[in-house]
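In: Fold the stuff below for me.
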Amino acid sequence: MHLIATAGHVDHGKSALVRALTGQEPDRWEAERRRGLSIDLGYAWTTLPGAGTVAFVDVPGHRRFIGNMLAGLGPAPAVLLVVAADGGWSEQSEEHLRAIDALGLRHGLLAVTRADLVGPSRAAEVRAAALARIAKSSLGAVDSVTVSSVTLAGLDDLRACLVRLCAALPVPSAQGRVRLWVDRSFTIAGSGTVVTGSLGAGTIRRSEALMLGSARVTVRGLQSLGQPAEAVAAVARVAVNVRGIAAGDVHRGAALLTPDAWASTAVLDIAWRGDPADLPDEVRCHVGTAALACRIRPLGLGAARLTLAHPLPLSAGDPLILREPGRSGSIVGAVVIDADPPPLTRRGAAVRRGAAILDPAAATLREQVARRGWWPVRSAALAGLDVGGLPELPDALPLDGDLRIATPVLRMGSYAVSPAQVQQWRDALLAALDAHAAAVALEPQLSFAAACERTGMPDVALLEILCRALGLERAAGRVARPGSVPNLGAKTGALEALVARLAVEPFAAPERPDLDAAGLGAKELAAAERLGRLLRFGDEIVLLPSAPAQAMRRLAALPQPFTTSDARQALGTTRRVAIPLLEHLDARGWTRRLDAGHREVVR
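Out: Modelled structure (predicted):
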């Protein structure tokens, strides 16, 4: 399907032309037909050989209904601009063209209507004048035709022009995320809430779950051009019967969305498409079918920050229109550059931000990641940026000097990261490790939590990736430079004396007062254990690492099974030492406890 919006002055024959092309009545309301004046959006369609189905969004031309006109024009990829031969180019024709130009539409067609009311020379004069004005807009040079909806003269030429226009339209993505701007909502007895809109990308399927505002809804049924469907792919006019929300809770400007695929924002940075000099600080913003109040903060020439009255699902590249209600000719176009902009807190930040916005790379993933340093890949995708094919962080990075990473954006797990950020994290991490090792010689390994805090890394998973690439030692949730070992300093002599004593009497674990007198507290003993010099059993018992193997040799020589008392005597120690040592052997599977008083060696 191809979707085309009409545009043009009131009473220049837009609805009559659509009616002649399709045989359908685009004016939905009785008041519209009675007055011969389109008030709201109308819809009709036809089939053209060589183009397939062509659907028309017929917009009102009267200046009082310009908000409705913008709602119909916003989601359409092409426009049929209508100028009456007997009326010529008018103020409202100019305002509609300003809207077309503001949206940056590049595909259009001119129809000079009511040719039966004037002579050929007058029709040609109007046609030439209109083409000259259109050529200065984003549409550029367009096809044109002179027609009469009464005599049907020129209608075949118009159909041929429409076929050429449809052939030039870009191919939509049926696989993309769905954002259907709602233009109507109503209730059908027995079915419930129905919303309609123009689907520009993606595919809507029956029974799938979507978001509508803050409500999670289920698609009960679909219709496109009056026919039921299991799925409707872009581009299409579609009516969606949803379960999970009342029709009264849905209004024009709401959006039916793929869940978890869009981030809503009320603050965005834009680049102007026209001259905003005459706009006040508070204006009306039109995007999709939505219209809402917003405040403008200039960011130097050509750029601004907008604060919307409420959040909308927007992403970089979305076109929008700003206008002062009630004032003709106040329409100015803009394009979203950043839907998640940085705060402007420092002196001169607004001017610097404005210059950055006007950089051609401002809407790219590269610029966004360079500004942030790191960005969750999911957040980048929600902003509408392409995150596919990002190179992974190299497997090996140097501990010193420049990282020499050529690619502008890297992937680290679920994050997109700039090379400058990786270098900053590396330098901060190594500095933190060195400072910790100097301050806490007994425990040079820094905890992951402390490492994240000192480097500013947002996620332990990122720290793990960086540590692996740098070749740092990692164990038990701690990290250190390669070869880092605890240093007991002045307590080294006391440790050596203890080791010598246990070498002679392997199961004569010293009492706590003896350890305290030697200056070997819990931290020193833990450091000694990490060095492989001692083995701790709980907080009170320390033996040599060889003690379990020596104990097994003695226990294996006992008659099996043996009692705790037998084990204590064979080891030449006390119950204070024997019981935790036996429990250690049980845990290792070297001995097996049979009952409350007996064990045996596992052969």
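In: now the helices: where do they sit in the stretch 301-450 of the chain?
Out: Per DSSP state H, counting those that start in this stretch, the stretch 301-450 of the chain carries helices over the ranges 349-357, 365-372, 377-382, 419-439, 448-455.
In: Dump these to a markdown table, plus distance to residue 151 and mean neighbour count.
Out: Quick note: C-beta positions are derived from backbone N, CA and C, even for glycine. Formatted as a markdown table, the helices of the stretch 301-450 of the chain follow (distance: least, C-beta to C-beta, whole Å; neighbours: other C-beta atoms under 10 Å):
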| stretch | distance to residue 151 | mean neighbour count |
| --- | --- | --- |
| helix 349-357 | 52 | 17 |
| helix 365-372 | 55 | 20 |
| helix 377-382 | 53 | 18 |
| helix 419-439 | 68 | 17 |
| helix 448-455 | 77 | 17 |
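In: all helices for the stretch 1-150 of the chain, in order.
Out: Ranges of helices in the stretch 1-150 of the chain, per DSSP H, counting those that start in this stretch, are 14-22, 30-35, 66-73, 91-103, 120-135.
In: quick one on the thing from earlier: of all the helices of the stretch 301-450 of the chain, which one comes closest to residue 258?
Out: For these, the distance to residue 258 is smallest for helix 377-382, at 10.4 Å, taking C-beta to C-beta.
In: on contacts alone, who are the packing partners of that closest one?
Out: Secondary-structure packing of helix 377-382 (3 or more C-beta pairs under 8 Å, 6 or more residues apart in numbering; DSSP states H and E): helix 365-372, strand 415-417.
In: Make a markdown table from the ones you listed and add mean pLDDT and distance to residue 282 to it.
Out: Shown next, in a markdown table, are the helices and strands packed on helix 377-382 (pLDDT from 0 to 100; distance: least, C-beta to C-beta, whole Å):
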| stretch | mean pLDDT | distance to residue 282 |
| --- | --- | --- |
| helix 365-372 | 85 | 28 |
| strand 415-417 | 92 | 36 |
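In: Mind checking the helices of the stretch 301-450 of the chain for the one nearest to residue 579?
Out: Residue 579 lies closest, by C-beta to C-beta, to one member of the helices of the stretch 301-450 of the chain: helix 448-455, at 35.0 Å.
In: Report the buried residues of stretch 543-553.
Out: 543-544, 547-548, 551-552 (16 or more other C-beta atoms under 10 Å).
In: Pipe the helices and strands packed on helix 377-382 into JSON lines and attach distance to residue 601 per row.
Out: Converted to JSON lines, these look like this (distance: least, C-beta to C-beta, whole Å):
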{"stretch": "helix 365-372", "distance to residue 601": "61"}
{"stretch": "strand 415-417", "distance to residue 601": "53"}
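In: With residue 137 as the reference, name the closest of these.
Out: Here helix 365-372 is closest among these (C-beta to C-beta), at 28.9 Å.
In: gap between the two ends of stretch 540-553?
Out: End-to-end distance for stretch 540-553: 24 Å, by C-alpha to C-alpha, to the nearest Å.
In: how far is it from where the chain is centred?
Out: Distance of stretch 540-553 from its chain centroid, counting by C-alpha atoms, centre = their mean, to the nearest Å, is 57 Å.
In: what is the mean pLDDT for that stretch?
Out: Mean pLDDT, stretch 540-553: 89.
In: do the same with stretch 217-231
Out: On average, the pLDDT along stretch 217-231 is 90.
In: go on, stretch 43-62?
Out: Averaged across stretch 43-62, the pLDDT comes to 80.
In: Run the chain-centre distance for it.
Out: Here stretch 43-62 is found 34 Å from its chain centre; the criterion is C-alpha atoms, centre = their mean.
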